[in-house]
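Colleague: structure for the following, please:
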Amino acid sequence: MGADLHEQIVDSIEDLQGAHEGCRRVHAKGTLLDGTFTAAPGASELTRATHMSGEPVRVTARFSNGSGKPDAHDGAKDGRGLAVKFYAPEGATTDIVCITLPVFFVRTPEDFLEFTRARRPVGDTGQPDPELIGAFVEAHPESLPAIQLSLAAESAESYARLRYFGIHAFRWIGAGGAETLVRYRWEPEAGIGSIAEEESRGRSRDYLGEELLERVAAAPVAFTLHVQIGEEGDPADDPTAAWPDERESREVGRLELTGADTARERDGDVLVFDPTRLTAGIELTGDQIVRARSHAYSVSVERRAGIPRPAGLG
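Modeller: Numbering: from 1, shown residues only. Below you'll find the predicted structure:
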């Protein structure tokens with residue numbers, strides 16, 4: 001992996017979506033809520049992570065659009081994100097970062113760079129060259145499921161009525177040292193909901209954030225956290241590959257968001273959600289994409305905040 005690869009990745013995103021001062025290079029528009037997470041009985045049998053002990057843990061959650069354009073209309077066809085930061089009792093933090101796609105487009109950061117470059121608009125069309133996209137998919141057929149799911153996605157009614165997936169696998173380590181391979185999924189207690197694209201376009205530009213703040217002002221917004229448990233032979237290091245539907249799924253906790261977060265990202269505070277920010281009891285696999293994300297986020301932080309990202313920032 002070249003020393004400047006992560007700079008090139010962020011450069012390619014800026015070429016595609018622009019560089020917007022003070023904004024993340026992707027998931028630029030977002031809404032912060034605060035609340036608590038309480039692990040379900042039995043979660044601590046799978047991992048010794050302190051936020052899975054069963055005691056309520058304070059959290060900051062960020063709902064976002066996938067686009068790097070902060071002024072994009074919320075009705076645009078786009079992936080959505082839910083990132084959750086857990087403030088562990090001992091003072092450490094750990095993050096779970098999820099999107100509305102169950103799989104990702106590529107396996108390696110080099111492929112991500114190639115894919116992003118292939119999507120650059122051509123001339124004045126505002127659209128990518130279909131031949132470049134076709135050539136990429138032909139060379140990387142593993143990208144097709146995520147592309148097809150993206151194209152088929154319906155417009156969001158509410159951030160609170162979407163299912164969010166962790167595209168990476170992690171190893172949960174129990175108190176006795178037993179390892180369990182897991183992938184995360186947030187299920188909305190309000191149920192799954194969508195609206196027609198035409199209706200979404202008729203709503204305000206920022207309707208998803210506005211609706212979420214109205215919703216949480218009236219009642220808590222809640223999700224349950226589930227882990228899909230991998231078995232021998234399931235790919236631990238390939239975010240483009242879904243695991244079989246029949247794999248065991250366990251509910252391991254409940255997220256209850258009770259209001260707008262008024263503390264973070266104010267007065268120079270820099271908030272970073274990093275899927276590699278782990279705690280004892282959770283470990284990375286060989287997934288190259290998840291490791292590259294942390295490095296690319298550091299580049300993005302320096303560009304949006306004007307400061308190098310120190311260890312532990314966020």
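
Colleague: going forward, measure contacts between C-alpha atoms and count neighbours the same way
Modeller: OK.

Colleague: how far off centre is the lengthiest strand in the chain?
Modeller: What stands out as the longest strand in the chain, according to DSSP state E, is strand 249-260. The gap between where strand 249-260 is centred and where its chain is centred comes out at 16 Å by Cα atoms, centre = their mean, to the nearest Å.

Colleague: and it, what does it pack onto?
Modeller: With contacts defined as 3 or more Cα pairs under 8 Å, 6 or more residues apart in numbering; DSSP states H and E, the packing partners of strand 249-260 are strand 30-39, helix 207-218, strand 221-229.

Colleague: show me where the protein has helices.
Modeller: Remark: helices assigned in the chain by DSSP state H are 5-17, 43-46, 109-118, 130-139, 144-152, 197-201, 207-218, 288-305.

Colleague: tell me how far the longest one is from the chain's mean position?
Modeller: It refers to helix 288-305. When C-alpha coordinates are averaged (Cα atoms, centre = their mean), helix 288-305 and its chain have centres 13 Å apart.

Colleague: ok, now the fifth one?
Modeller: On the basis of Cα atoms, centre = their mean, helix 144-152 sits 17 Å off its chain's mean C-alpha point.

Colleague: in the protein, where is pLDDT below threshold?
Modeller: When residues are selected by pLDDT under 70, those of the chain lie in 1-3, 309-314.

Colleague: quick one: contacts for the one residue sitting closest to the centre of the chain?
Modeller: The centroid of the chain falls nearest to residue 98 when counting by Cα atoms, centre = their mean (3.1 Å). Applying Cα atoms under 8 Å, 6 or more residues apart in numbering, one finds that residue 98 lies in contact with 81, 82, 83, 164, 165, 166, 167, 184, 185.

Colleague: equivalent analysis for residue 62, please.
Modeller: For residue 62, the contacting residues are 30, 31, 32, 33, 81, 82, 83, 84, taking Cα under 8 Å, 6+ apart as the criterion.

Colleague: distance to residue 291 and neighbour count for the residues you listed - can I get that in CSV?
Modeller: As requested, the contacts of residue 62 are exported to CSV (distance: Cα to Cα, whole Å; neighbours: other Cα atoms under 10 Å):
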residue, distance to residue 291, neighbour count
30, 23, 20
31, 25, 18
32, 25, 23
33, 27, 23
81, 18, 24
82, 19, 27
83, 17, 21
84, 18, 24
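
Colleague: now for the residues you listed: which two are most distant?
Modeller: The span of the contacts of residue 62, defined through Cα to Cα, is set by 33 and 81 at 13.3 Å.

Colleague: run a quick neighbour tally on residue 191.
Modeller: The local packing count at residue 191 equals 11, with neighbours defined by other Cα atoms under 10 Å.

Colleague: ok, it to residue 250 distance?
Modeller: Between residue 191 and residue 250 the distance is 18 Å, computed by Cα to Cα, to the nearest Å.

Colleague: one more: residue 62?
Modeller: In this structure, residue 62 and residue 250 are 24 Å apart, going by Cα to Cα.

Colleague: same deal with residue 225?
Modeller: As for residue 225, its distance to residue 250 is 8 Å (criterion: Cα to Cα).

Colleague: on that earlier part again, out of the helices of the chain, which comes closest to residue 282?
Modeller: Taking Cα to Cα as the criterion, helix 43-46 is the member of the helices of the chain that comes nearest to residue 282, at 9.8 Å.

Colleague: contact partners of that closest one?
Modeller: Looking at helix 43-46 with Cα under 8 Å, 6+ apart, the contacting residues turn out to be 52, 53, 54, 172, 173, 174, 175, 178, 179, 180, 252, 253.
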